[in-house]
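Novice: got a predicted structure here, sequence first:
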Amino acid sequence: MTDLGPAPQLTESSSDSSSTRRTSGQSGDKVHRYSRKDLVSAVLTGPSATGGQDVLGVRQALQACPACLHRGKPFTVAGLVFASASVVWDPARATAGATNGTADSAGKAGDPRPFAQLLFTTDERTPDIALVTTGRNITLTPGGDRTVVAEERSGAAWAVRVYRYVGGRFEGGQRIEHIPSPTPTP
C-alpha cells in the first residue's frame, strides 16, 4: 500500500484543525508581498491555536530549515487575495541533527517535495496564517464557489480535500482518497 503521509484527522462533519480564528484577505489588486522572513516569522511566532497539529509540524520544519519555505503566487478566494507559500522539506538544506517526524516523512535525502501549503492574510502589515494544510506532495488550487482544493499525490494514490471560505475563515470539508489495492502475489 502506498503511504500518503500525514492525513487530516477529521471527518466531513467535524470542524477542521487547519482552520484559523481570523481570515480576511485583501480585495483588489494590491497585494502586500511579504518576504520569506516575514512568512517564516508568522509561522514561528503566530498563535499556537492557528492550524492545530499541522502548524506545529511546519514550525518544527522551519526551525530546522527556514529556507525550505517558498513564496507562491497570490490566491484569490471569494474576491479576497491571500499570499501563498509552500514548505518543501529538503533534508540536505536542514541543519545537521534537526529532525521532524512530519517533514522527514515527506521525503528522503535528495528527494525534496512539498509537505505543507499555507495561505496568509494580506490586509495587515504583518502576515497572519489563514490556512495550513499538510500532506505528501501537496498542492493548493483555487476552486469555485469560495473554495480551495488541497491535493496529495504519491504514485497511483491520491487524496483531495476541499476547504471552503465561510464567515471569515477556511473550514475543511470531506476528504476523498484513492489508494490502489496492492497486487496479490502468487
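Specialist: Ah, there it is.

Novice: residue boundaries of the helices in the protein?
Specialist: In the chain, the helices defined using DSSP state H lie at 36-45, 52-64, 101-104.

Novice: which strands or helices does the first one pack on?
Specialist: Using 3 or more Cβ pairs under 8 Å, 6 or more residues apart in numbering; DSSP states H and E as the contact criterion, the elements in contact with helix 36-45 are helix 52-64, strand 69-71, strand 113-120. Placement of C-beta: from N, CA and C, glycine included.

Novice: return the member of the helices of the chain having the minimum mean pLDDT.
Specialist: Least confident of the helices of the chain, judged by mean pLDDT, is helix 101-104 with a mean of 42.

Novice: before we move on, the earlier item: out of the helices and strands packed on helix 36-45, deepest packed?
Specialist: Comparing the helices and strands packed on helix 36-45 by mean neighbour count (mean count of other Cβ atoms under 10 Å), strand 113-120 ranks first with a mean of 26.

Novice: helices and strands around that strand, which ones?
Specialist: Partner elements for strand 113-120 (3+ Cβ pairs under 8 Å, 6+ apart): helix 36-45, helix 52-64, strand 80-89, strand 129-134, strand 139-142.
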